[in-house]
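[1] sequence? don't have it. structure:
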Ligand code: NDP
C-alpha cells in the first residue's frame with residue numbers, strides 16, 4: 001500500500017517500527033533515519049525484515065533531509081525524533097510534497113514554552129501542496145483527543161468539563177529515570193502548570209495543584225496538574241469546553257530526586273562553561289540518566305491514561321470516562337520497549353496506517369481530534385491497545 005519514513009530511533013520509533021511489521025500489506029517499505037545510524041540498524045536487526053532500511057540524518061538539516069526524502073520517496077514521514085525537529089521536518093516535507101505526522105508539539109531548545117501556533121501556521125502551505133500534517137498522534141497527545149472526539153460524536157451534545165488523567169504505576173527498578181526522552185520529560189514537569197477555565201488560561205507553579213485520583217486496575221494515586229499540548233487544540237476544536245485540565249502521577253521518589261536535581265542546577269537549560277566547553281546541564285543530565293528505551297526489561301506494573309468528561313446530552317447532564325490500560329511486561333514482550341514508548345508508538349503507527357489507507361487524509365495541518373475517531377478506535381485494539389468506556393457514572397476525579 002505505501003512507504004513510510006520514520007525519523008528517530010529511540011523507544012517510540014522502536015515500538016512503531018515493530019508494530020508496522022504486523023501490517024505488511026500497509027507498510028510495504030519503511031526507512032528508519034536518525035542521527036545515529038547504529039540505533040536504526042539495531043531496530044532493523046530486532047525486527048529482522050528485509051524491506052526496512054536505515055539511514056543517517058540530522059533532521060535539523062532541511063536540505064539533507066529533503067534529499068533523503070526525495071531519494072526514498074515515502075508517502076509519509078513520521079517524526080519520532082524530538083519536538084525540536086518538528087519545524088525542520090515539516091519544512092522538508094513541504095519542500096518534497098510528502099505528508100507528515102508527529103507525536104509531540106514543537107519546542108525550541110532554548111525555551112521550554114510550547115504551543116501549536118508555529119505548526120498550525122503551516123496549514124495553508126500544506127493545503128496548497130495537497131499534503132496532510134497530522135499533529136500529536138501518540139497517546140497524550142493523540143489518543144486522548146481521539147477519545148474526546150469519539151465522546152463528542154457519540155455521547156454528548158456539548159462537552160463542558162474535560163480532565164485527562166495519566167497514571168504510570170509501573171516500577172522499572174532504577175532509582176531515577178524518565179519514561180521518555182529525559183530532556184523533554186524534565187522540561188515538561190518543571191515548567192509552570194496551566195489549565196483552561198471560562199475562556200482563560202490559568203498558570204500555576206510547577207506541580208502546585210495535586211489531588212488523589214482513582215485509576216482503573218491501579219487504585220488511588222496522587223496526581224499533579226501539568227500543562228499538556230492537547231489542551232490547547234481541544235479547547236479550540238470543542239469550544240463548548242468550560243474547563244480543561246491535565247493530571248499526571250509521579251512517585252514520591254521521582255519528585256524528591258527531581259527537586260534535588262533542580263535545586264543543584266542540574267535541570268537548567270542555560271549553557272554553562274565547563275573546562276572550556278559550553279554544556280547545558282539538562283543535556284549532561286540526560287547523558288548520565290538511563291536511556292528510556294532500555295527500561296523495558298525490568299519494568300513491571302501497569303499504566304492507565306483516560307479522559308473524563310462532563311456535559312449535556314439531550315438536555316440532561318452526562319458524565320463519561322474512556323481509558324486504556326497498559327502493561328509494561330506485555331509491551332516489552334511485544335516490542336522490547338516499556339509501555340510509555342509502546343503507548344506512543346502504536347497510535348503513531350495506527351495514524352500512519354489510516355493515512356496510507358486514505359481514511360485520515362485531507363490537505364492541511366490537523367490535530368487528531370479533527371479526523372473521524374471511529375476507524376482509529378476500531379484499529380487500535382488490533383495492534384495491542386484496548387480501550388474501555390463508562391457512561392453516566394460518578395467520575396473518578398469527583399470521588
Ligand atoms: P528518544 O530520546 O529515545 O529518541 C529520540 C530519537 O531522536 C533518538 O534516536 C535521537 O537520536 C533522535 N534524534 C534527536 N535529534 C535528532 C536529529 N537532529 N536528527 C535526527 N534524529 C534525531 O525519545 P523517545 O523515543 O522517548 O520519544 C520520541 C518522541 O516521542 C519525543 O518527541 C517525545 O516527546 C514523544 N513522546 C510522545 C508521547 C505521546 O504520548 N504523545 C509520549 C512519549 C514520548 P540519538 O539516538 O542520536 O540521540
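    Ah, there it is. The shown structure was predicted, so the numbers you read here are calculated from the model rather than taken from an experiment.
[2] now the stretch 101-250 of the chain against the ligand: closest residue?
    Closest approach between the stretch 101-250 of the chain and the ligand, counting by CB to the nearest ligand atom: residue 138, at 2.3 Å. Quick note: C-beta positions are derived from backbone N, CA and C, even for glycine.
[3] distance of that residue from residue 15?
    Using CB to CB, to the nearest Å, we find residue 138 at a distance of 10 Å from residue 15.
[4] do residue 56 as well
    In this view, residue 56 and residue 15 are 21 Å apart by CB to CB.
[5] again, but for residue 58
    Taken as CB to CB, the span from residue 58 to residue 15 is 23 Å.
[6] which one of those two is surrounded by more residues?
    In terms of neighbours (other CB atoms under 10 Å), residue 15 is the more surrounded of residue 58 and residue 15; the figures are 32 against 13.
[7] tell me who's in contact with that one.
    331, 335, 337, 341-342, 344-346, 349 (CB atoms under 8 Å, 6 or more residues apart in numbering).
[8] okay, residue 94: pLDDT?
    Each residue has a pLDDT score; the one for residue 94 is 98.
[9] correct me, but it touches residue 129?
    Yes: between residue 94 and residue 129 there is a contact under CB atoms under 8 Å: 6.0 Å.
[10] distance check, the nearest residue to residue 181 once chain neighbours are set aside against the ligand.
    Once flanking residues are discounted, residue 181 sits nearest to residue 82: 6.1 Å by CB to CB, 6 or more residues apart in numbering. Using CB to the nearest ligand atom, to the nearest Å, we find residue 82 at a distance of 5 Å from the ligand.
[11] for the record, mean pLDDT for stretch 226-242?
    Averaged across stretch 226-242, the pLDDT comes to 97.
[12] residues in the stretch 201-350 of the chain within reach of the ligand, list them.
    Applying CB under 6 Å from any ligand atom, one finds that the stretch 201-350 of the chain approaches the ligand through 292-293, 340-341, 344.
[13] residue 86: which of the residues you listed is nearest?
    Nearest to residue 86 among these, counting by CB to CB, is residue 344 at 15.0 Å.
[14] for the closest one, helix, strand, or coil?
    Secondary structure state of residue 344, per DSSP: H, G, I helix; E, B strand; the rest coil, is helix.
[15] please apply the same query to the one 5 residues further on.
    Classification of residue 349 using three-state DSSP returns helix.
[16] which residues sit against the stretch of helix or strand residue 366 belongs to?
    Secondary structure from DSSP states H and E places residue 366 in strand 364-367. Residues external to strand 364-367 that are found in contact with it (CB under 8 Å, 6+ apart): 116, 119-120, 122-124, 126-127, 132-136, 141, 145, 230, 233, 237.
[17] switch to 10 Å and redo it
    By CB atoms under 10 Å, 6 or more residues apart in numbering, the residues outside strand 364-367 that reach it are 90, 100, 105, 116, 119-137, 141-142, 145, 149, 229-230, 232-234, 236-237, 360, 370.
[18] what mean pLDDT does that strand have?
    Here strand 364-367 scores 98 as its mean pLDDT.
[19] ok, stretch 76-84 next?
    97.
[20] stretch 188-207 too?
    Averaging pLDDT along stretch 188-207 gives 95.
[21] quick one: list the elements packing against the helix or strand of the chain with the lowest mean pLDDT.
    Counting by mean pLDDT, DSSP states H and E, the chain has its least confident helix or strand at helix 182-190, which shows a mean of 89. Counting contacts by 3 or more CB pairs under 10 Å, 6 or more residues apart in numbering; DSSP states H and E, helix 182-190 is packed against strand 219-226, helix 252-263, helix 281-288.
[22] ok and whichever helix or strand comes after that helix relative to strand 219-226, angle-wise?
    Heading C-terminal from helix 182-190, the first helix or strand you meet, by DSSP H and E, is strand 193-197. If you take axes from the mean of the first three to the mean of the last three CA atoms, to 10 degrees, strand 193-197 sits at 90 degrees to strand 219-226.
[23] distance from strand 193-197 to the middle of the chain?
    19 Å (CA atoms, centre = their mean, to the nearest Å).
[24] likewise stretch 367-378?
    On CA atoms, centre = their mean, the centre of stretch 367-378 falls 15 Å from the chain's centre.
[25] end to end, how far does it reach?
    Here the two ends of stretch 367-378 are set 19 Å apart, with distance taken as CA to CA, to the nearest Å.
[26] cool, stretch 78-87 as well?
    With CA to CA as the measure, stretch 78-87 spans 13 Å from end to end.
[27] do stretch 231-242 as well
    Using CA to CA, one end of stretch 231-242 lies 12 Å from the other.
[28] just stretch 16-31 next, same as before
    One end of stretch 16-31 to the other measures 12 Å (CA to CA).
[29] any idea of the mean pLDDT in that stretch?
    For stretch 16-31, the mean per-residue pLDDT is 98.
[30] what's the spacing between that stretch and its chain's center?
    With CA atoms, centre = their mean as the basis, stretch 16-31 stands 20 Å off its chain's centre.
[31] buried residues in it, which are they?
    For stretch 16-31, burial by neighbour count (16 or more other CB atoms under 10 Å) applies to 16-21, 23, 26-27, 29-31.
[32] mind giving me the domain split of the chain?
    For the chain, automatic domain parsing gives the domain ranges 2-135, 143-335+386-398.
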